[in-house]
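K.L.:
Quick one: sequence and predicted model below, then my questions.
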There are 2 protein chains.
Amino acid sequence: MRPAVIALDANGADAGPAAVAEGARLSGERVLLFGPAAQMEAGEGVEIVDAPGTPAGAEPVRAVRQNPDASIVQAAKAVADGRAEALVSAGSTGPTLAAATLSIKRLKGVHRPALAGLVPTPAKPVLLLDCGANVEVRAEHLVQFAYMGAAFMEAVVGVSRPSVGLLSVGAENGKGTPQVLEARERLAGGPLNFVGNLEGFDLPGASADVVVADGFTGNIALKVLEGTSRVVRDAIRGAVTSGPVSSVGGLLIRGAVGRLRDSIDPEAVGGAILLGLRKPVVVGHGSFGPRGIASAVGLARRAVDEDMVDRTSAALAAGGAMRSAPVGSFATVTPETPDRPG
Amino acid sequence: MRPAVIALDANGADAGPAAVAEGARLSGERVLLFGPAAQMEAGEGVEIVDAPGTPAGAEPVRAVRQNPDASIVQAAKAVADGRAEALVSAGSTGPTLAAATLSIKRLKGVHRPALAGLVPTPAKPVLLLDCGANVEVRAEHLVQFAYMGAAFMEAVVGVSRPSVGLLSVGAENGKGTPQVLEARERLAGGPLNFVGNLEGFDLPGASADVVVADGFTGNIALKVLEGTSRVVRDAIRGAVTSGPVSSVGGLLIRGAVGRLRDSIDPEAVGGAILLGLRKPVVVGHGSFGPRGIASAVGLARRAVDEDMVDRTSAALAAGGAMRSAPVGSFATVTPETPDRPG
């Protein structure tokens, strides 16, 4: 079997297209690279498609529709057309979600795609979803997120029978929004290894393999975790290096903080993955350098090789969580994007 | 002026009534202490009222109504009757909110009381509200939380013209739930020092003095922050002490982590405060020892001395954020407590 081709958008990363191209070469994968050809270097397995533009405009769906030549739009189309097997972007999340959802389309039976992030905790990676694709959700969306997240952890990360919990304000039944309460009831009767409600500290504490939330709460929880981790590390480093034995302390703490940073390094994880589409879509951090890009491409490749999409479908079907109404050609990307494609 | 009397519930703290009584004595304040007299020691200024019971039952409003002799119910009644000026509890949040709301009642013009927590960040304390009293909110609730939180920071913490932001999924206008978008619009035209939307990392980063959220998101954000802080400190301590120079490293890191813990110590802060009632109500952590209890009593005393309640009313009026509809005698404590008092 020839290795899968990954379509990679080189625009939008803070480090610029040259760094993304370097990440593509570093990955060792077959990459179709969309971006400004003048600024990028090809390499073994890396083919460049000149696409200098990015979708302009505050409203992602409209911007994507009005900029068919933009790199992210062309990259998504390459996946939809079968020229590539998965999409990777380190650009803005909004246009990536819009382009991917419009071109690649939702998986049959899926209400809403969800952005799933592998949260690097010291104990083990925890999958948090939704991290921001859906600001408002219904109970059946949360239920699908649970099945999609479990399928990803099983297929791509290799966790057997991953534990799944619902993020809420208390562990007891009866705690949470009406959406959470209803989702809890539905999940409790299903085939998942469902552990019930989780609280905020269960996310850094890695109390479950998959943590399910609406995109508003999930986005905030993820950023609070990342911000707190940074603030505490900086504060400890500051406290040690300002102490009486500052030079020795500084060396020790630099080593310790460095080891910790390695164990909770977002670049090693490869970014977030958009679940619920017909092909794998990986959204890197805008801050990724070549190493992060290479990880993101590797993550997309694993998702292809491990049949993540088919296994997601199977998990949704086994849980009776498929959407039964006819699926249109378009999924609402976010509630702020009411635009509809023609 | 005689110092204010603080009504203190001694039941419900993990450390037991004797430790709460010790905290009361330690505070140096005048305290009316409700709990099992046989397990507590009075002291100068500390008067004991024998009230061994706690409200039993999963549903707080019903439990409070069915247990009029319970310590928290009696303590709240003492404040409502004017025998004390403020209420402090280190027991469960649910019964405290229910007892306080039922007896002490909402401030005129307030839709919903909110639980406000002083989040100890290394930079400065940040007030986060709501931390869990209201799982679902409307835009006008968020607007009131903003004014109530700013009044608290100004009156009790002494921050002049505190900055106030709305927790959301992006800094740009247009990012967030419909409730957040509407609240943002209303706050932008008002007299507050309103900084717009904040993201998750702005909470540990202390980008504003007051961070406003619905109680579901606020509760989860607070617990993610506390949990991450603990996990990262433990991981750094573990990384240093397992290193090649473990004993020296262990000593250094213990000192540094200890100093950091002091700067972000919940016991020094005194717990959360329930804003929007006619008297100050402080809810300590269940884990508080005597020092935490003493801080909570001191926080309540400051709220009384600084006229927090009247200043909250004035701030709501100045912002045009008062509820105009007639105020009933009962505020919904949480959406999970649909019970209504007769």
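P.N.:
Now that the structure is in, tell me what you want to look at. Keep in mind that what you see is a predicted model, and the values were worked out from it rather than measured.
K.L.:
Chain B versus A:Val73, what's the distance?
P.N.:
Distance from A:Val73 to chain B, counting by CB to the nearest CB, to the nearest Å: 22 Å. In short, each C-beta sits where N, CA and C put it, glycine included.
K.L.:
mind checking the SS state of the nearest residue to A:Asn67 once chain neighbours are set aside?
P.N.:
Distances taken as CB to CB, 6 or more residues apart in numbering or on different chains put A:Pro55 closest to A:Asn67, at 4.3 Å, once the chain neighbours are dropped. The three-state assignment at A:Pro55 reads coil, by DSSP: H, G, I helix; E, B strand; the rest coil.
K.L.:
How confident was the prediction at A:Pro55?
P.N.:
Per-residue confidence at A:Pro55 stands at 82 (pLDDT).
K.L.:
you'd agree it is up against A:Asp69?
P.N.:
No - the pair A:Pro55 / A:Asp69 is not scored as a contact, 9.7 Å apart, by CB atoms under 8 Å.
K.L.:
who has more neighbours, these two?
P.N.:
A:Pro55 (28 against 11; other CB atoms under 10 Å in any protein chain shown).
K.L.:
Now do the host helix or strand of A:Ala78, average pLDDT.
P.N.:
Assessed by DSSP states H and E, A:Ala78 sits inside helix A:71-80. Averaged across helix A:71-80, the pLDDT comes to 96.
K.L.:
do the same with stretch A:234-252
P.N.:
Here stretch A:234-252 scores 64 as its mean pLDDT.
K.L.:
Repeat that for stretch A:167-178.
P.N.:
Stretch A:167-178 comes out at a mean pLDDT of 90.
K.L.:
in that stretch, what counts as buried?
P.N.:
A:167-170, A:175-177 (16 or more other CB atoms under 10 Å in any protein chain shown).
K.L.:
Please apply the same query to stretch A:39-55.
P.N.:
A:40, A:43, A:45-46, A:48-49, A:51-55.
K.L.:
Rebuild these as JSON lines, extending it with secondary structure and distance to B:Ile236.
P.N.:
Formatted as JSON lines, the entries for the buried residues of stretch A:39-55 read as follows, by DSSP: H, G, I helix; E, B strand; the rest coil; distance: CB to CB, whole Å:
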{"residue": "A:Met40", "secondary structure": "coil", "distance to B:Ile236": "39"}
{"residue": "A:Gly43", "secondary structure": "strand", "distance to B:Ile236": "39"}
{"residue": "A:Gly45", "secondary structure": "coil", "distance to B:Ile236": "40"}
{"residue": "A:Val46", "secondary structure": "strand", "distance to B:Ile236": "39"}
{"residue": "A:Ile48", "secondary structure": "strand", "distance to B:Ile236": "43"}
{"residue": "A:Val49", "secondary structure": "strand", "distance to B:Ile236": "45"}
{"residue": "A:Ala51", "secondary structure": "coil", "distance to B:Ile236": "44"}
{"residue": "A:Pro52", "secondary structure": "coil", "distance to B:Ile236": "44"}
{"residue": "A:Gly53", "secondary structure": "coil", "distance to B:Ile236": "45"}
{"residue": "A:Thr54", "secondary structure": "coil", "distance to B:Ile236": "39"}
{"residue": "A:Pro55", "secondary structure": "coil", "distance to B:Ile236": "42"}
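K.L.:
Which of those residues scores worst on pLDDT?
P.N.:
Among the buried residues of stretch A:39-55, A:Pro55 has the weakest pLDDT, 82.
K.L.:
what's the closest non-adjacent residue to A:Ala13?
P.N.:
That would be A:Ala90: by CB to CB, 6+ apart, it lies 3.9 Å from A:Ala13.
K.L.:
So for that neighbour, what pLDDT did the model give?
P.N.:
So, for A:Ala90, pLDDT stands at 84.
K.L.:
try the one 4 residues further on
P.N.:
At A:Gly94, the predicted lDDT confidence score is 87.
K.L.:
Shouldn't it be within a helix?
P.N.:
Yes - counting by three-state DSSP, A:Gly94 is located in a helix.
K.L.:
got a pLDDT number for the nearest residue to it once chain neighbours are set aside?
P.N.:
Setting aside the residues directly before and after it, A:Gly94 is nearest to A:Pro60 in space (CB to CB, 6+ apart), at 3.7 Å. Note on A:Pro60: pLDDT of 86.
K.L.:
hang on, A:Asn97 is in a strand, isn't it?
P.N.:
You called it Asn, but residue A:97 is Leu. No - counting by three-state DSSP, A:Leu97 is not part of a strand but helix.
K.L.:
wait, isn't it in contact with A:Asp130?
P.N.:
No - applying CB under 8 Å, one finds A:Leu97 not in contact with A:Asp130, separated by 11.0 Å.
K.L.:
hmm, back to that, dump the residue contacts of the residue nearest to A:Asn67.
P.N.:
A:63-64, A:66-67, A:70, A:72-73, A:95, A:98-99 (CB atoms under 8 Å, 6 or more residues apart in numbering or on different chains).
K.L.:
Would you check how far apart it and B:Thr54 are?
P.N.:
Per CB to CB, to the nearest Å, A:Pro55 is found 59 Å from B:Thr54.
K.L.:
With adjacent residues omitted, what lies nearest to A:Lys223?
P.N.:
A:Lys223 sits nearest to B:Gly200 (CB to CB, 6+ apart), 2.5 Å away.
K.L.:
Can you spell out the domain ranges of chain A, please?
P.N.:
A:1-110+A:276-307, A:120-266 (automatic domain parsing).
K.L.:
which one of those domains lies closest to B:Gly292?
P.N.:
With respect to B:Gly292, and counting by CB to CB, the nearest of the domains of chain A is domain A:120-266 at 18.4 Å.
K.L.:
ok so, going back, nearest to B:Val212, of the domains of chain A?
P.N.:
That would be domain A:120-266 among those, by CB to CB, at 12.4 Å.
K.L.:
Tell me the buried residues in the helix or strand A:Thr312 falls within?
P.N.:
Using DSSP H and E, the element containing A:Thr312 is helix A:308-318. Across helix A:308-318, burial judged by 16+ other CB under 10 Å covers A:308-309, A:311-313, A:315-316.
K.L.:
quick one: contacts of it?
P.N.:
By CB under 8 Å, 6+ apart, helix A:308-318 touches A:107-110, A:144, A:147-148, A:150-152, A:154-156, A:191, A:275-280, A:302-303, A:322.
K.L.:
In strands only, show me those residues.
P.N.:
Among the contacts of helix A:308-318, DSSP state E puts A:Leu275 in strands.
K.L.:
Which among the contacts of helix A:308-318 count as buried?
P.N.:
A:107, A:109-110, A:144, A:147-148, A:150-152, A:154-156, A:275-280, A:302-303, A:322.
K.L.:
And the helices in the stretch 51-200 of chain A?
P.N.:
Taking DSSP state H, counting those that start in this stretch, the helices of the stretch 51-200 of chain A run over residues A:60-66, A:71-80, A:93-103, A:139-152, A:178-188.
K.L.:
got those as a markdown table, with distance to A:Pro125 columns?
P.N.:
Shown next, in a markdown table, are these (distance: least, CB to CB, whole Å):
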| stretch | distance to A:Pro125 |
| --- | --- |
| helix A:60-66 | 28 |
| helix A:71-80 | 25 |
| helix A:93-103 | 20 |
| helix A:139-152 | 11 |
| helix A:178-188 | 21 |
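K.L.:
Nearest spatial neighbour of A:Val137, chain-adjacent residues omitted?
P.N.:
Counting by CB to CB, 6+ apart, the residue nearest A:Val137 is A:Asp214, at 4.3 Å.
K.L.:
Low-confidence ranges, the stretch 101-250 of chain A, go.
P.N.:
A:239-250 (pLDDT under 70).
K.L.:
who's in contact with the closest residue to A:Met153 other than its chain neighbours?
P.N.:
In this structure, A:Met153 finds its nearest non-sequential neighbour in A:Pro162, 4.0 Å apart by CB to CB, 6+ apart. A:Pro162 is in contact with A:127, A:149-150, A:153-154, A:193, A:208-210, counting by CB under 8 Å, 6+ apart.
K.L.:
ok, those residues vs A:Ala4, which is closest?
P.N.:
Closest approach to A:Ala4 among the contacts of A:Pro162 (CB to CB): A:Glu154, at 19.6 Å.
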